[in-house]
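1. Can you look at this prediction? I've put the sequence above it.
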Amino acid sequence: MKYVKWIFVVLLICSLTAFVEKDKPTGGLNEGDVAPDFKIESTSNEQPAFKLGNLKGKYVLLSFWASYDAQSRMQNVSLSNALRSSHNVEMVSVSFDEYQSIFKETVRKDQIVTPTCFVETEGEDSGLFKKYRLNRGFTNYLLDGNGVIIAKNISAADLSAYVKEIG
């Protein structure tokens, strides 16, 4: 009976640690990779379609998120707030919500005021999701002027440090 308790404890610990890793975002591109170019349509008629290549020569924060993923949504808001006073980094925010109405309401509630905030309504089935190899969870990338990834999953505090560093 004594061994049964220990076996149960070991199995419990193993099962708990197995699930911890699954909550972390996996996949995606890495630092040093060139971010793939993409084109995405705007949700408003006043704004033209966006092409990442048009920002060549500028630092870009590329943030992938969805309203149903609380962690990525909070991260997107904090990154957007960190860049409000910066003119050195352009933020491009892409949501993978499947409904534009949910996306628009989330942007309104979260007070995201970036003109480069887009929605990819095909969600995880979109070419953009596959091009950036986003598996589980969402991520963000800081790109240099040549489109090379210089940071991945950057926090708002680290982003502020980068902004000060680049000028």
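-> It's in. Numbering: from 1, shown residues only.
2. residue ranges of the strands in the protein, please?
-> Secondary structure of the chain (DSSP state E): strands located at 39-40, 50-51, 59-65, 89-95, 117-119, 140-143, 149-152.
3. could you say what helices and strands the first one packs with?
-> Which is strand 39-40. Applying 3 or more CB pairs under 8 Å, 6 or more residues apart in numbering; DSSP states H and E, we find strand 39-40 packed against strand 50-51. C-beta here means a position set from N, CA and C on the backbone, and glycine is covered the same way.
4. can you tell me the average pLDDT over the strand it packs on?
-> Across strand 50-51, pLDDT averages out at 92.
5. Tell me which residues are up against it.
-> Outside strand 50-51, the residues within contact range by CB atoms under 8 Å, 6 or more residues apart in numbering are 37-42, 92, 116, 118.
6. quick revisit: which one of the strands of the chain lies closest to residue 127?
-> Distances from residue 127 to each of these were compared using CB to CB; the shortest belongs to strand 39-40, at 10.1 Å.
7. List the buried residues for stretch 38-53?
-> By 16 or more other CB atoms under 10 Å, the buried positions in stretch 38-53 come out as 38, 40, 50, 52.
8. Kindly export it (C-alpha atoms) in CSV.
-> The C-alpha coordinates for stretch 38-53 follow below in CSV (Å, rounded to 0.1, in the frame of the first residue of the first chain):
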residue,chain,number,x,y,z
PHE,A,38,2.4,39.5,-46.7
LYS,A,39,-0.6,41.5,-47.9
ILE,A,40,-3.8,41.9,-45.9
GLU,A,41,-7.0,43.7,-46.8
SER,A,42,-8.3,46.5,-44.6
THR,A,43,-11.5,46.3,-42.7
SER,A,44,-12.5,49.9,-43.7
ASN,A,45,-13.0,51.4,-47.2
GLU,A,46,-10.9,54.4,-46.3
GLN,A,47,-7.8,52.4,-45.6
PRO,A,48,-6.0,50.6,-48.4
ALA,A,49,-4.7,47.0,-48.2
PHE,A,50,-1.5,46.6,-46.2
LYS,A,51,1.7,45.1,-47.4
LEU,A,52,4.5,44.4,-44.9
GLY,A,53,7.2,45.1,-47.6
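9. Fine by me, thanks again.
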